[in-house]
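Enquirer: Model the following, please.
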Amino acid sequence: PESRNEFLHGILQGIADVERDGFVILGSLGATPSRPTLVLTAGGGSKNDVWNQLRQRRLREAFGDDSLKVDKAENVEAGFGAAVLAAGAFF
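Expert: As a prediction, this is how the structure comes out:
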């Protein structure tokens, strides 16, 4: 890359591709639904609209679905998701 910006952009594209590949694999293994229609995001990255747009674009390309959306969760604190998962273990 010719600049630090291009380098960072490449890293973020790679991370978005790993996320995309994860959803593709889950679908091929029988996850229901077989592809996402809404991806809710939390943590520090949820505050970056450009990052969320990049992820959304990669997922839309993979699934051929222009209505697929990446959006901020109602509660974007990273610890909230861990708490929800932990609570699920008790119910």
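
Enquirer: Just give the nearest non-adjacent residue to residue 69, would you?
Expert: Distance criterion CB to CB, 6 or more residues apart in numbering; nearest residue to residue 69, sequence neighbours excluded, is residue 38 at 5.3 Å. To be clear about C-beta, it is placed using only N, CA and C from the backbone, and glycine gets the same treatment.

Enquirer: ugh, wrong one, I meant residue 37
Expert: Nearest to residue 37 is residue 68, by CB to CB, 6+ apart, at 5.8 Å.

Enquirer: Touching, that neighbour and residue 23? I think so.
Expert: No. Checked against CB atoms under 8 Å, the pair residue 68 and residue 23 is beyond contact range at 9.8 Å.

Enquirer: residues shared between the contacts of the two?
Expert: 35-36, 59 (CB atoms under 8 Å, 6 or more residues apart in numbering).

Enquirer: top of those by neighbour count?
Expert: Among the shared contacts of residue 68 and residue 23, the one with the most neighbours (other CB atoms under 10 Å) is residue 59, at 22 neighbours.

Enquirer: ok, that residue - contacts?
Expert: Neighbours of residue 59 in contact, by CB under 8 Å, 6+ apart: 16, 19-20, 23, 36, 39, 65, 68, 70.

Enquirer: Tabulate those in CSV, adding columns for distance to residue 7 and secondary structure.
Expert: Listed next are the contacts of residue 59 as CSV, based on distance: CB to CB, whole Å; DSSP: H, G, I helix; E, B strand; the rest coil:
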residue, distance to residue 7, secondary structure
16, 15, helix
19, 19, helix
20, 21, helix
23, 26, helix
36, 28, coil
39, 25, strand
65, 30, coil
68, 28, coil
70, 23, strand
